[in-house]
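[1] Need a 3D model of the sequence below.
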Amino acid sequence: MCGFVLTNPGQNAEPTPTVGFLDFIQDPTIELAKNGFLMLWHRKVSEKDSTITVVYSNAQGDIPTLNQACDFILSKHPTLIATNITLPTITAIQRTEKIPVFMMVAPRPDLAGLTNEKVWL
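    Presented below is the predicted three-dimensional model:
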């Protein structure tokens with residue numbers, strides 16, 4: 001588990017938003033989605049002279065570790081949680097109703113039961 005800050009040195013009086021990123025495995029293809037997501041945030045931060053905190057957690061393919069990783073991210077009170085693949089998405093959705101979960105890299109979210117009014121796809 002790790003955290004890092006994307007920042008632009010400009011002055012900003014607003015609180016720093018925290019983005020949680022929950023991964024289950026390391027995979028080159030899935031890594032592309034994570035990198036693209038973080039690159040987009042970096043661009044937005046640079047455009048607005050602002051800062052965000054990113055809390056990244058990877059379960060390394062272990063389900064008990066995935067639950068702990070999700071709880072760790074939730075303990076940081078993120079503004080939103082990004083997830084790669086279906087299992088971390090389901091884990092995050094089951095653990096919070098108040099924090100938006102941003103799902104990436106899922107072939108059929110409908111088969112995982114992730115297409116209801118609580119989930120934006």
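[2] Low-confidence ranges, this protein, go.
    Within the chain, the set of residues satisfying pLDDT under 70 comprises 1-14, 105-109, 111-114, 116-121.
[3] What segments of it are strands?
    Secondary structure of the chain (DSSP state E): strands at 2-7, 18-23, 51-58, 80-84, 101-104.
[4] In TSV, list those strands along with mean neighbour count and distance to residue 29.
    (C-beta placed from N, C-alpha, C; glycine too.) Shown next, in TSV, are the strands of the chain (neighbours: other Cβ atoms under 10 Å; distance: least, Cβ to Cβ, whole Å):
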stretch	mean neighbour count	distance to residue 29
strand 2-7	14	21
strand 18-23	24	12
strand 51-58	20	15
strand 80-84	24	10
strand 101-104	20	11
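[5] Out of those strands, which gets nearest to residue 91?
    Checking the strands of the chain against residue 91 by Cβ to Cβ gives strand 18-23 as the closest, at 7.1 Å.
[6] in its sheet, what does the closest one sit against?
    Here strand 18-23 has these sheet partners by DSSP bridges: strand 51-58 (parallel), strand 80-84 (parallel).
[7] any chance of those in TSV, plus distance to residue 67?
    Below are the strands paired with strand 18-23 laid out as TSV (distance: least, Cβ to Cβ, whole Å):
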stretch	distance to residue 67
strand 51-58	11
strand 80-84	13
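[8] Which of the ones you listed sits closest to residue 36?
    With Cβ to Cβ, the closest approach to residue 36 among these belongs to strand 80-84: 10.7 Å.
[9] same for the helix ranked longest in the chain, what does it pack against?
    Within the chain, and with DSSP state H defining each element, the longest helix by residue count is helix 28-47. Under the contact criterion of 3 or more Cβ pairs under 8 Å, 6 or more residues apart in numbering; DSSP states H and E, the helices and strands touching helix 28-47 comprise strand 2-7, strand 18-23, strand 51-58, strand 80-84, strand 101-104.
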